[in-house]
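In: Quick one: sequence plus predicted model below, questions after.
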Amino acid sequence: MKRQSFIFFIAFTPFLFMLSGLPSFAQQTRISGTVTDAASKESVPYVSYVLLPGGKGGKTDIDGKYTIDINSNDNQIRFTYVGYKTQVKPIKPGVSQVINIQLQDEAMQMNEVVIRGTRKAPYRNRENPAVALIRKVIANKSKNRAEHYDQVTYQKYERMLFSMSNLSDQFRNKKMFRNYQFLFQEQDSDKIGGKTTLPVFQQEKISDYYYNKHPEKTKKILIADKKVNFDERFIDNQGVSAYFDRMYQDIDIYDNNISVVSNQLLSPIADAAPAFYKFFITDTVKDHQPQLVELSFTPRNKTDLLFEGKLYVTLDSNYAVQNAYLGVNKDINLNFVRALEAKLDFERNPDSRYHLSKSNLIVDFGLSKKGGTGFTGERTVAYQNYRINQPAPDSVFRDSRLSAVPGATGRSEEFWASNRPQALTAAQQNVYVHIDSLQTIPSFKRTMDVVTLFFAGYKDFGPFEMGPVNTFYSFNNVEGFRLRLGGRTTTALSKRYYFETYAAYGFTDQKWKYFLSGTWSLNNKSIYAFPQNYVRASFQRDTKIPGQELQFVQEDNFLLSFKRGEANMMLYNDFYRLDYVHEFENHFSYSLGLRKWKQSPAGNLYFNNSPADLFSRLDHLNTTEATLQLRYAPNEKFYQTKLYRTPLVGPYPIFNLRYTAGLKGVLGGDYSYHNLLGSIDKRFYLSQLGYADVTLEGGYIFGRAPFPLLDIHRANQTYAYQLNSYNLMNFMEFVSDHYASIRIDHSFNGFFFNKIPLLRELKLREVFSVKALYGGLRDENNPTFNTSTLQFVRNADGIAVTNSLDREPYIEGSVGVSNIFKVLRVDAVRRFTYLNLPNVSEWGIRARIKFDF
């Protein structure tokens, strides 16, 4: 699973493609072609063209190409561009045709011979009036931002629409849709998404925003919220909204980087923009006060994460952006995105500066960029009641808990009709009703049931669901062939109480393992929905590899059965647990736990308490622990799956702090100790150089404890690359009672590969990681110095396979290539220290599946 995932796309794509079968290739009567410079033969981008007499038109793309549908009464097409002669060409109505255009410089006369070079002069920033203008825009950014004012208040309306797109007539005429033709919507075939679409999600929100500069404070209050709700058995409605909020964020043209579809693209007015973009003055608008300059821009490298489009800049002392049109090149290193367009409109303030009044972002997704069925998402945002330098009441900022007014999600139709800045069309208004109808179609239910089973791993039977299916079969060196069957109750049985269970059997050790839990929800919500607030009691008897910690998968996942080296040291664990979990809307949470733990060695693992007698063994260890865990993840967004929360990683840090106390003499506990652990996770965005995920972690154990209760560092002996484990460390290889670590995983998003001919066509991306761990054991917990504590495990040759870290840190690093076939990451991993220990791999190849844009 990925840390940043294409969740909604994954959830819907399989069943839609099963239904659609074939891509959409409707027969169109259209003309197309390429516009080039008559002298240099190079393509000319953003040339305006219009059909005559109909008036329909557009502009050529970055490569000078155009495509447009023609009507029966159109008989000419006209091309115009600043600095070139206008050309008009005849067209044949009703016949698809290719018309290529060679524009001539206005200085060139047809009846004279002009001698000029065959190569166009190279683009330069120096003495370029377009670059000089954009530098003035950059220099004036600060005073054109909302943050320039002492106070700003406004009301914000948002509408998000997500639809199946580019649907063929064959798909529309399927038997399942015979009585549901009203679900489909028609639009101009030239628009993104094609002629026929099928809406599957819509949400509207109205919020009041307040900003104060001194002291800096912001406040958002949700006034109204209306959205499509799916069956919670299949889709996490909260997660869907959070996912779209992450994918379609507000576009601030004055930011250096603009977040779009979970990536950051460099703004055309970023401080470094002249180094990455080419700028051209393509027109002036003299009938506007102040006058505007049309400034076109294109990426210097078409595969980099950059925009292309136009800015309209005021020719006054403000040099403000009055309109902006943003798109991306068809060759951009961005997965699944077939087209992207953003339009920003600005309105004038009383002080002659401008504020954003409306934005529209539309993105077309598909497995293939060449066409076929896909998805189109469109987000429209309107800003109204915009006021500057008018202080808000102190009460607005005083109540930090107020984030939504009561009844915001239950507003009447009359409220929406009177508060939308623009009335919805009949088709848009009917989306809510139509999607409810879509969910009643039996074939839709059956397909979603299959998709849920395939991706989430559960088969729903109403009040009970069985799964996860990927744990039904696995194997390891201790248990051999292992079968497991389990399931849990759902909200169809109760929203208050939940039960979960499984049973497993190993055919080599011939032992049964099982789990049973009962949970009571304290907020009458699903225990899998945010915010959680519940009490749980559970018992588990099962195996575990010491030091193995997995993310978003379970240990008996079949794919993790394949391991390198020797992986035959395990524990038989008996856990009796009582847990209380409480989450808050601000994403602070705490949990309290009481655990009675009995652990017995299995396989080649043993507990020896006498260095003089290797056969002096303990059958088990008994421990009783009390735990307090604190977590704070400001502005966190995630998608809730059946098992885990898949985070939608953003720029905000995540803080974790855990305190565990060993309680000697309580419920049979034999040890007294205190374990303190803390971590910070954060993603750092580095503009065109990609992003880095950084984790700082540290722990300290106070008191004396045997090595199974110390920090057994996370190792990985599978062939899957694991972000939070040491991929060339063996299980139980290192233990510590105090440690500090840092993990850095960096993705360059193809920054270097994009510059290499041929290689850039593959859309590959560079990654590297560094992991360093420094720690050690105090003498009281080190069996080398304290012979009364449990001894480290030794192999058949008498060599210790469990060790303490010396003064030298453990270090490993990797370099790799991601985005192979758009989903695969492969790393070459190198271990740099402790190479003299037994069964050490200095090099390794690891792979990871990751769906990402």
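Out: Happy to help now that I have it.
In: His434: neighbour count?
Out: When counting by other C-beta atoms under 10 Å, one arrives at 20 neighbours for His434. (Each C-beta comes from the backbone N, C-alpha and C, glycine too.)
In: My reading is that it lies in a helix. Confirm?
Out: Yes: counting by DSSP: H, G, I helix; E, B strand; the rest coil, His434 is located in a helix.
In: In contact with it, which residues?
Out: Contact criterion C-beta atoms under 8 Å, 6 or more residues apart in numbering gives Phe182, Leu183, Pro199 as the residues in contact with His434.
In: per-residue confidence at it?
Out: Note on His434: pLDDT of 84.
In: let's number from 33 now, not from 1
Out: Okay, residue one is now 33; in that scheme the one you just asked about reads as His466.
In: buried residues in stretch 562-580?
Out: For stretch 562-580, a neighbour-count test (16 or more other C-beta atoms under 10 Å) marks 562, 564-568, 570, 572-575, 577-580 as buried.
In: Can I get that stretch in PDB, CA atoms only?
Out: What follows is the C-alpha trace of stretch 562-580 in PDB, where atoms were taken according to Å, rounded to 0.1, in the frame of the first residue of the first chain:
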ATOM      1  CA  PHE A 562     -13.000   9.500  12.600                       C
ATOM      2  CA  PRO A 563     -13.000  10.600  15.400                       C
ATOM      3  CA  GLN A 564     -12.700   7.300  17.300                       C
ATOM      4  CA  ASN A 565     -13.900   7.000  20.900                       C
ATOM      5  CA  TYR A 566     -14.200   3.500  22.200                       C
ATOM      6  CA  VAL A 567     -13.200   0.900  24.800                       C
ATOM      7  CA  ARG A 568     -11.900  -2.500  23.700                       C
ATOM      8  CA  ALA A 569     -11.200  -5.800  25.500                       C
ATOM      9  CA  SER A 570      -9.300  -8.500  23.600                       C
ATOM     10  CA  PHE A 571      -7.400 -11.700  23.800                       C
ATOM     11  CA  GLN A 572      -4.900 -12.900  21.200                       C
ATOM     12  CA  ARG A 573      -2.700 -16.100  21.000                       C
ATOM     13  CA  ASP A 574      -0.500 -15.900  18.000                       C
ATOM     14  CA  THR A 575       3.100 -15.900  16.600                       C
ATOM     15  CA  LYS A 576       5.200 -12.800  15.900                       C
ATOM     16  CA  ILE A 577       8.700 -12.200  14.600                       C
ATOM     17  CA  PRO A 578      10.500 -10.000  17.200                       C
ATOM     18  CA  GLY A 579      11.400  -6.700  15.600                       C
ATOM     19  CA  GLN A 580       9.100  -6.900  12.600                       C
END
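In: number of nearby residues for Ala458?
Out: One way to gauge burial is a neighbour count; for Ala458, by other C-beta under 10 Å, it gives 7.
In: actually Gln187, not the one I wrote
Out: Other residues lying near Gln187 total 18 when counted by other C-beta under 10 Å.
In: so what's it closest to, chain neighbours aside?
Out: Nearest non-adjacent residue to Gln187, counting by C-beta to C-beta, 6 or more residues apart in numbering: Asn417, 4.7 Å away.
In: show me what contacts that neighbour?
Out: Applying C-beta under 8 Å, 6+ apart, one finds that Asn417 lies in contact with Thr185, Tyr186, Gln187.
In: Helix, strand, or coil at the second one?
Out: If I follow you right, that is Tyr186. Reduced to three states by three-state DSSP, Tyr186 is strand.
In: now the closest residue to it other than its chain neighbours, what's its secondary structure?
Out: Setting aside the residues directly before and after it, Tyr186 is nearest to Tyr418 in space (C-beta to C-beta, 6+ apart), at 4.4 Å. Reducing the assignment at Tyr418 to three states with three-state DSSP gives strand.
In: Pretty sure Ser389 is one of the things Tyr418 touches, is it not?
Out: Yes: proximity of Tyr418 to Ser389 meets the contact threshold set by C-beta atoms under 8 Å, at 7.4 Å.
In: shared neighbours, these two?
Out: Residues touching both Tyr418 and Ser389 by C-beta under 8 Å, 6+ apart: Glu379.
In: If you count neighbours, what's buried in stretch 225-237?
Out: Taking 16+ other C-beta under 10 Å as the neighbour-count basis, stretch 225-237 is seen to contain the buried residues 225-237.
In: Ok, stretch 754-765 next?
Out: In terms of neighbour count (16+ other C-beta under 10 Å), stretch 754-765 has its buried residues at Gln754, Asn756, Ser757, Tyr758, Asn759, Leu760, Met761, Asn762, Phe763, Met764, Glu765.
In: I'd say the last one and Asn748 touch.
Out: Think Glu765. No: under the contact definition of C-beta under 8 Å, Glu765 does not touch Asn748, with a separation of 11.0 Å.
In: ok, Leu650 - how many residues close by?
Out: Taking other C-beta under 10 Å as the neighbour definition, Leu650 ends up with a count of 14.
In: residue contacts, it?
Out: For Leu650, the contact set (C-beta under 8 Å, 6+ apart) comprises Phe639, Asn640, Asn641, Leu822.
In: Counting neighbours, what do you get for Ser80?
Out: 17.
In: quick one: it and Ile109 touch, right?
Out: No: checked against C-beta under 8 Å, the pair Ser80 and Ile109 is beyond contact range at 11.0 Å.
In: Need the pLDDT of Met50.
Out: Confidence score, pLDDT, at Met50: 38.
In: That'll do, ta.
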